[in-house]
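1. I need the structure of the sequence given here:
(chains A, B and C)
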Amino acid sequence: MRDLDMNQPASGGEEEEEFPMGSVEEDEEERGAVASGPHRPKKLRLSKEQSRLMEESFRLHHTLTPKQKEALAVKLNLRPRQVEVWFQNRRARTKLKQTELECEYLKRCFGSLTEENRRLQREVEELRAMRVAPPTVITPHTRQPLLASALTMCPRCERITAATGAPALRPAAAANPFHPRRPSAAF
DNA sequence: AGGGTCAAAGTGGCCC
DNA sequence: GGGCCACTTTGACCCT
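-> Below is the predicted model of the structure:
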(Lines give C-alpha, C1' and ligand atoms only; values in the text may rest on other atoms or scores of the structure.)
Protein backbone atom coordinates (compact mmCIF):
# COMPACT_ATOMS: atom_id res chain seq x y z
CA MET A 1 0.00 0.00 0.00
CA ARG A 2 2.77 2.44 0.94
CA ASP A 3 4.56 2.21 -2.33
CA LEU A 4 1.58 2.76 -4.51
CA ASP A 5 2.39 5.54 -6.90
CA MET A 6 -0.18 8.08 -5.93
CA ASN A 7 1.94 10.91 -7.25
CA GLN A 8 0.87 11.04 -10.82
CA PRO A 9 0.17 14.53 -11.92
CA ALA A 10 -3.42 15.21 -12.72
CA SER A 11 -4.37 14.52 -16.26
CA GLY A 12 -4.37 17.38 -18.72
CA GLY A 13 -0.65 18.19 -18.77
CA GLU A 14 -1.19 21.60 -17.19
CA GLU A 15 1.68 22.45 -14.81
CA GLU A 16 -0.36 24.00 -12.05
CA GLU A 17 -3.35 21.81 -11.43
CA GLU A 18 -5.61 22.74 -8.58
CA PHE A 19 -5.62 19.11 -7.34
CA PRO A 20 -2.28 17.75 -8.47
CA MET A 21 -2.22 14.54 -6.43
CA GLY A 22 -5.14 12.67 -7.78
CA SER A 23 -7.87 12.67 -10.29
CA VAL A 24 -10.73 15.06 -9.98
CA GLU A 25 -13.01 12.08 -9.38
CA GLU A 26 -10.93 10.91 -6.41
CA ASP A 27 -10.97 14.36 -4.94
CA GLU A 28 -14.70 14.54 -5.28
CA GLU A 29 -14.98 11.36 -3.22
CA GLU A 30 -12.42 12.01 -0.52
CA ARG A 31 -12.28 15.72 -0.10
CA GLY A 32 -14.82 16.15 2.65
CA ALA A 33 -13.68 13.22 4.80
CA VAL A 34 -9.91 13.81 4.90
CA ALA A 35 -8.96 17.31 3.93
CA SER A 36 -9.23 20.16 6.39
CA GLY A 37 -10.20 22.65 3.73
CA PRO A 38 -12.74 22.21 1.00
CA HIS A 39 -10.07 22.42 -1.74
CA ARG A 40 -7.11 20.73 -0.11
CA PRO A 41 -5.97 17.57 -1.86
CA LYS A 42 -4.73 14.47 -0.08
CA LYS A 43 -1.05 14.65 0.70
CA LEU A 44 1.19 12.44 -1.36
CA ARG A 45 3.99 10.25 -0.11
CA LEU A 46 6.88 9.64 -2.47
CA SER A 47 7.46 6.00 -3.34
CA LYS A 48 10.67 4.31 -2.19
CA GLU A 49 11.99 4.34 -5.72
CA GLN A 50 11.25 8.05 -6.12
CA SER A 51 12.93 8.82 -2.80
CA ARG A 52 15.92 6.70 -3.73
CA LEU A 53 16.42 8.52 -7.02
CA MET A 54 15.96 11.89 -5.35
CA GLU A 55 18.60 10.97 -2.77
CA GLU A 56 20.90 9.81 -5.51
CA SER A 57 20.48 13.12 -7.28
CA PHE A 58 20.92 15.03 -4.03
CA ARG A 59 24.27 13.34 -3.45
CA LEU A 60 25.45 14.70 -6.77
CA HIS A 61 24.19 18.24 -6.25
CA HIS A 62 22.25 19.90 -3.45
CA THR A 63 20.61 22.38 -5.79
CA LEU A 64 19.16 21.89 -9.23
CA THR A 65 19.20 24.00 -12.32
CA PRO A 66 15.81 24.43 -13.98
CA LYS A 67 16.86 21.89 -16.62
CA GLN A 68 17.96 19.33 -14.04
CA LYS A 69 14.75 19.87 -12.13
CA GLU A 70 12.67 19.36 -15.22
CA ALA A 71 14.59 16.24 -16.23
CA LEU A 72 14.29 14.73 -12.77
CA ALA A 73 10.60 15.50 -12.65
CA VAL A 74 10.08 13.74 -15.96
CA LYS A 75 12.17 10.79 -14.82
CA LEU A 76 10.22 10.42 -11.57
CA ASN A 77 6.85 11.25 -13.05
CA LEU A 78 6.44 14.20 -10.71
CA ARG A 79 5.83 17.86 -11.18
CA PRO A 80 8.91 20.13 -11.14
CA ARG A 81 7.41 21.93 -8.16
CA GLN A 82 7.41 18.65 -6.21
CA VAL A 83 11.07 18.06 -7.04
CA GLU A 84 11.86 21.62 -6.00
CA VAL A 85 10.01 21.25 -2.70
CA TRP A 86 11.71 17.93 -2.02
CA PHE A 87 15.15 19.50 -2.51
CA GLN A 88 14.26 22.45 -0.30
CA ASN A 89 13.09 20.18 2.50
CA ARG A 90 16.07 17.90 2.02
CA ARG A 91 18.47 20.84 2.35
CA ALA A 92 16.64 21.92 5.49
CA ARG A 93 16.95 18.40 6.97
CA THR A 94 20.67 18.33 6.16
CA LYS A 95 21.19 21.68 7.81
CA LEU A 96 19.23 20.64 10.87
CA LYS A 97 21.30 17.48 11.25
CA GLN A 98 24.51 19.49 10.90
CA THR A 99 23.31 21.95 13.53
CA GLU A 100 22.51 19.10 15.89
CA LEU A 101 25.99 17.66 15.42
CA GLU A 102 27.57 21.05 16.10
CA CYS A 103 25.39 21.39 19.17
CA GLU A 104 26.62 18.04 20.52
CA TYR A 105 30.21 19.01 19.81
CA LEU A 106 29.85 22.35 21.61
CA LYS A 107 28.21 20.61 24.57
CA ARG A 108 31.22 18.31 24.86
CA CYS A 109 33.56 21.31 24.61
CA PHE A 110 31.61 23.07 27.34
CA GLY A 111 31.83 20.00 29.56
CA SER A 112 35.59 19.60 29.24
CA LEU A 113 36.21 23.34 29.67
CA THR A 114 34.05 23.37 32.80
CA GLU A 115 36.07 20.47 34.17
CA GLU A 116 39.37 22.18 33.37
CA ASN A 117 38.11 25.39 34.95
CA ARG A 118 37.27 23.50 38.15
CA ARG A 119 40.72 21.91 38.17
CA LEU A 120 42.46 25.28 37.72
CA GLN A 121 40.32 26.84 40.46
CA ARG A 122 41.43 24.09 42.82
CA GLU A 123 45.05 24.69 41.86
CA VAL A 124 44.68 28.42 42.52
CA GLU A 125 43.21 27.67 45.95
CA GLU A 126 46.12 25.37 46.77
CA LEU A 127 48.68 27.95 45.69
CA ARG A 128 46.94 30.61 47.76
CA ALA A 129 46.99 28.38 50.81
CA MET A 130 50.74 27.85 50.37
CA ARG A 131 51.34 31.59 50.26
CA VAL A 132 49.24 32.39 53.31
CA ALA A 133 51.17 30.08 55.66
CA PRO A 134 54.80 31.37 55.83
CA PRO A 135 57.47 28.70 55.48
CA THR A 136 58.93 27.42 58.78
CA VAL A 137 61.85 25.25 59.79
CA ILE A 138 62.41 23.08 62.84
CA THR A 139 65.46 24.18 64.78
CA PRO A 140 67.68 21.36 65.95
CA HIS A 141 68.17 23.04 69.31
CA THR A 142 64.71 23.91 70.42
CA ARG A 143 62.86 21.48 68.15
CA GLN A 144 60.36 24.27 67.65
CA PRO A 145 59.16 25.59 64.32
CA LEU A 146 60.93 28.76 63.39
CA LEU A 147 60.00 31.23 60.68
CA ALA A 148 62.35 30.83 57.76
CA SER A 149 62.49 34.62 57.47
CA ALA A 150 64.03 34.79 60.91
CA LEU A 151 67.09 32.87 59.72
CA THR A 152 70.35 34.52 58.74
CA MET A 153 73.56 33.18 57.33
CA CYS A 154 76.94 33.75 58.93
CA PRO A 155 79.09 35.44 56.26
CA ARG A 156 82.24 33.80 57.59
CA CYS A 157 81.30 30.22 58.08
CA GLU A 158 78.16 30.30 55.91
CA ARG A 159 76.18 28.57 58.61
CA ILE A 160 72.55 29.40 58.86
CA THR A 161 71.67 30.75 62.25
CA ALA A 162 68.57 31.98 63.91
CA ALA A 163 68.31 35.71 64.55
CA THR A 164 69.07 34.95 68.21
CA GLY A 165 72.59 33.88 67.29
CA ALA A 166 72.25 30.19 67.95
CA PRO A 167 73.12 28.00 64.98
CA ALA A 168 69.95 26.65 63.47
CA LEU A 169 70.60 24.70 60.39
CA ARG A 170 73.48 23.51 58.36
CA PRO A 171 72.96 24.14 54.69
CA ALA A 172 73.88 21.57 52.16
CA ALA A 173 76.93 23.63 51.29
CA ALA A 174 78.10 23.18 54.87
CA ALA A 175 78.64 19.53 54.17
CA ASN A 176 81.48 20.62 51.97
CA PRO A 177 84.66 18.96 53.26
CA PHE A 178 86.62 22.11 52.44
CA HIS A 179 84.48 24.19 54.83
CA PRO A 180 86.59 25.31 57.79
CA ARG A 181 85.71 23.08 60.72
CA ARG A 182 85.40 24.16 64.28
CA PRO A 183 88.22 23.01 66.40
CA SER A 184 87.20 19.73 67.89
CA ALA A 185 87.06 19.24 71.61
CA ALA A 186 89.94 16.83 71.30
CA PHE A 187 92.29 19.56 70.18
C1' DA B 1 -8.42 6.78 19.86
C1' DG B 2 -4.96 9.93 20.27
C1' DG B 3 -0.39 11.60 20.67
C1' DG B 4 4.21 11.74 18.43
C1' DT B 5 7.01 11.90 14.36
C1' DC B 6 8.16 12.60 9.68
C1' DA B 7 7.83 14.61 5.40
C1' DA B 8 5.10 17.13 1.69
C1' DA B 9 3.50 21.41 0.79
C1' DG B 10 2.03 26.47 1.81
C1' DT B 11 3.52 31.18 2.94
C1' DG B 12 6.06 35.30 3.24
C1' DG B 13 10.37 37.66 3.09
C1' DC B 14 14.88 38.36 1.16
C1' DC B 15 18.35 38.50 -2.44
C1' DC B 16 20.27 38.70 -6.96
C1' DG C 1 10.44 37.97 -11.02
C1' DG C 2 12.34 33.63 -9.90
C1' DG C 3 14.81 30.93 -6.51
C1' DC C 4 15.93 30.06 -1.93
C1' DC C 5 15.20 29.95 3.00
C1' DA C 6 12.85 29.99 7.52
C1' DC C 7 8.81 28.98 9.46
C1' DT C 8 4.39 26.82 9.54
C1' DT C 9 0.63 23.74 8.43
C1' DT C 10 -1.08 19.39 7.55
C1' DG C 11 -1.67 14.58 6.21
C1' DA C 12 0.17 9.84 6.64
C1' DC C 13 1.83 6.60 9.49
C1' DC C 14 3.30 4.38 13.78
C1' DC C 15 3.04 3.18 18.56
C1' DT C 16 0.82 2.58 22.95
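
2. Could you use CA atoms for every contact and neighbour count after this?
-> Will do.

3. Which residue is the nearest non-sequential neighbour of A:Arg79?
-> A:Ala73 (5.5 Å; Cα to Cα, 6 or more residues apart in numbering).

4. Around the one you found, how many other residues sit close by?
-> Using other Cα atoms under 10 Å, A:Ala73 has 19 neighbouring residues.

5. ditto for the one 5 residues further on
-> The number of residues packed near A:Leu78 is 19, by other Cα under 10 Å.

6. and it, that one's in a helix?
-> No: applying DSSP: H, G, I helix; E, B strand; the rest coil, one finds A:Leu78 to be coil, outside a helix.

7. okay, and the helix or strand of chain A with the least pLDDT?
-> helix A:24-34 (a mean of 32; mean pLDDT, DSSP states H and E).

8. Does anything pack onto the host helix or strand of A:Glu116? Which helices or strands?
-> Assigned by DSSP states H and E, A:Glu116 belongs to helix A:80-132. Applying 3 or more Cα pairs under 8 Å, 6 or more residues apart in numbering; DSSP states H and E, one finds that helix A:80-132 makes contact with helix A:66-76.

9. Pull the contacting residues for the residue nearest to A:Arg79.
-> Going by Cα atoms under 8 Å, 6 or more residues apart in numbering, A:Ala73 touches A:Arg79, A:Pro80, A:Gln82, A:Val83.

10. Keep only those of these that are also close to DNA strand C.
-> Among these, no residue is within reach of DNA strand C (Cα under 7 Å from any atom of the strand).

11. who wins for neighbours among those?
-> A:Arg79 (24 neighbours).

12. Got the phi and psi for that residue?
-> phi -80, psi 150 (degrees, to the nearest 10).

13. so where's chain A shaky on pLDDT?
-> Residue ranges of chain A with pLDDT under 70: A:1-42, A:135, A:139-141, A:151-187.

14. please redo it, this time with the cut-off set to 90
-> Along chain A, the parts satisfying pLDDT under 90 run over A:1-45, A:131-187.
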